[in-house]
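Engineer: What follows is a predicted protein model with its sequence.
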Amino acid sequence: MAPGLPSAMERPHFIGIGGAGMSGIAKILAQRGAEVAGSDARESETAGALRALGVTVHIGHAAGHLADDASCVVVSSAIRKDNPELARAAELGVPVVHRSDALAALMDGLRPIAVAGTHGKTTTTSMLAVSLTALGRGASYAIGGDLDAPGSNALHGEGEIFIAEADESDRSFHKYAPEVAVVLNVELDHHANYASMDEIYESFETFAGRIVPGGTLVVNADHEGARELTRRVAGKVRTVTYGEAADADVRVLSVVPQGLKSEVTVLLDGTELTFTVSVPGRHYAHNAVAALAAGVALGVPAAELAPALAAYTGVKRRLQLKGEAAGVQVIDSYAHHPTEMTADLEAMRAAGGDARILVVFQPHLFSRTQELGKEMGDALALADASVVLDIYPAREDPIPGVTSELIIEAARAAGADVTAVHDKDEVPAVVAGMTKPGDLVLTMGAGDVTDLGPRILERLAK
């Protein structure tokens, strides 16, 4: 048995192994010597990357996929109760473990940094992973997105640091016991699981309460929700704040755009420090400062970590350039909450100069559209023109009366130029008809809108 491998994890079976969070845990377990198997609804590059590590990946869900000698079955909140592999596990008496418990077990005995917040988790976790790897710290990490290649969302490192994205959506981040916890922002999202801001604050307070004795909470000083959390945990945990606010412990003095990069200057322990962030946009610069503060809280010297942060050049789907054709650049964005949409559009404005910005937006979840459709429409008014697709349901059933029309009406009321397209296959032709050389096209959303980038480029090339 590999060191640090709990016996329940020796032969795990993952239902939905291709998912961002699940595949990362499966990868680390395989690298630690576990015999990993799992299933996923469809073939993917991630499945191929897992097979290359010796993982058995079945396509489709069937009771026969679960080996009789599996030591546990790992599930995420997305797995439905009627899944045939889950039913088979019950018959065999195989213990069922939630993804967050599996991740918590992997962090045991190490020095974890857990990154939480409504937006920016993947980016900030990735910045820490890339910079600490560049410094030769041998960090392990589990991220909710791929860095540059399929399967690059996780790594088992030989060092003592473990960096994890901590998901508040289903309260699973209450399972971790970090030495450093990062809270980037606190906003109302995940409407299926939280009824009010008070419930969200309570959830983040519980997370902060899980920090080990002597540990640190790194929290945003510019965001009202995060400031409220800071007030609520005052005196209970050591807190380090960061941001542009005059009272921030790690104070951002300036963020200067330089094309697709930014130059950031911070004041830390009375010393000014200037470093480069290799992705555009003020919000990404602030994520880098959060990463800096977290690393310093763990004992990594700021003078080493700051320059190393420039090694981070982006995560798949976080303003990722997909290519250029006919003078038009196509960029992919995972933004699906109005705050993220606004931040990415503002970043593209700063980086793109006079370029026209066209957005292909696919709303994600009926519940989110019902609650935030108007704000999504307001965000689209920042683009020069938008194409809006039907709602991507993910795990949800439809809600009567909730369609993309809510967003389209709000966008038009805010002065936006919007075209509704119900058939995804028509989008490449529609976009090709709207664009001219010099334009930037953003495919935006958390669903399968990401597939459209290459198809738009192909159409433009014709």
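Structural biologist: Arrived safely.
Engineer: residue contacts, Ala134?
Structural biologist: Neighbouring residues of Ala134 by CB atoms under 8 Å, 6 or more residues apart in numbering: 308, 311. Using the backbone N, CA and C atoms, a C-beta is placed for each residue, glycine as well.
Engineer: now the closest residue to Leu298 other than its chain neighbours, which residues is it bridged with?
Structural biologist: Counting by CB to CB, 6 or more residues apart in numbering, Leu298 lies nearest to Val180, which is 5.4 Å off, once chain neighbours are set aside. Beta-bridge partners for Val180, by DSSP bridges, are Ile113, Thr216.
Engineer: Next one, pLDDT for Val180 please.
Structural biologist: pLDDT recorded at Val180 is 98.
Engineer: Next one: it relative to Ala245, how far apart?
Structural biologist: Distance, Val180 to Ala245, using CB to CB, to the nearest Å: 20 Å.
Engineer: Number of residues surrounding the residue nearest to Leu298?
Structural biologist: 27 (other CB atoms under 10 Å).
Engineer: what's near enough to touch it?
Structural biologist: By CB under 8 Å, 6+ apart, the contact list for Val180 reads 112-114, 211, 215-218, 294, 297-298.
Engineer: May I see these arranged in JSON lines, with distance to Ala410 as well?
Structural biologist: Formatted as JSON lines, the contacts of Val180 follow (distance: CB to CB, whole Å):
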{"residue": "Pro112", "distance to Ala410": "41"}
{"residue": "Ile113", "distance to Ala410": "38"}
{"residue": "Ala114", "distance to Ala410": "35"}
{"residue": "Ile211", "distance to Ala410": "40"}
{"residue": "Gly215", "distance to Ala410": "42"}
{"residue": "Thr216", "distance to Ala410": "41"}
{"residue": "Leu217", "distance to Ala410": "36"}
{"residue": "Val218", "distance to Ala410": "35"}
{"residue": "Ala294", "distance to Ala410": "37"}
{"residue": "Ala297", "distance to Ala410": "41"}
{"residue": "Leu298", "distance to Ala410": "43"}
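Engineer: for those, which one is nearest Ser169?
Structural biologist: When these are compared for distance to Ser169 (CB to CB), Ala114 wins out at 14.4 Å.
Engineer: Pull the number of nearby residues for the closest residue to Gly352 other than its chain neighbours.
Structural biologist: Excluding the flanking residues, the one nearest Gly352 by CB to CB, 6+ apart is Leu440, at 5.2 Å. When neighbours are counted by other CB under 10 Å, Leu440 registers 23.
Engineer: isn't Leu440 right up against Ile357?
Structural biologist: Yes. Counting by CB atoms under 8 Å, Leu440 touches Ile357, with 5.1 Å between them.
Engineer: what do the two both touch?
Structural biologist: Jointly contacting Leu440 and Ile357 under the rule CB under 8 Å, 6+ apart are Met348.
Engineer: what about Glu168, is that helix, strand or coil?
Structural biologist: Look at Glu168: counting by DSSP: H, G, I helix; E, B strand; the rest coil, its state is coil.
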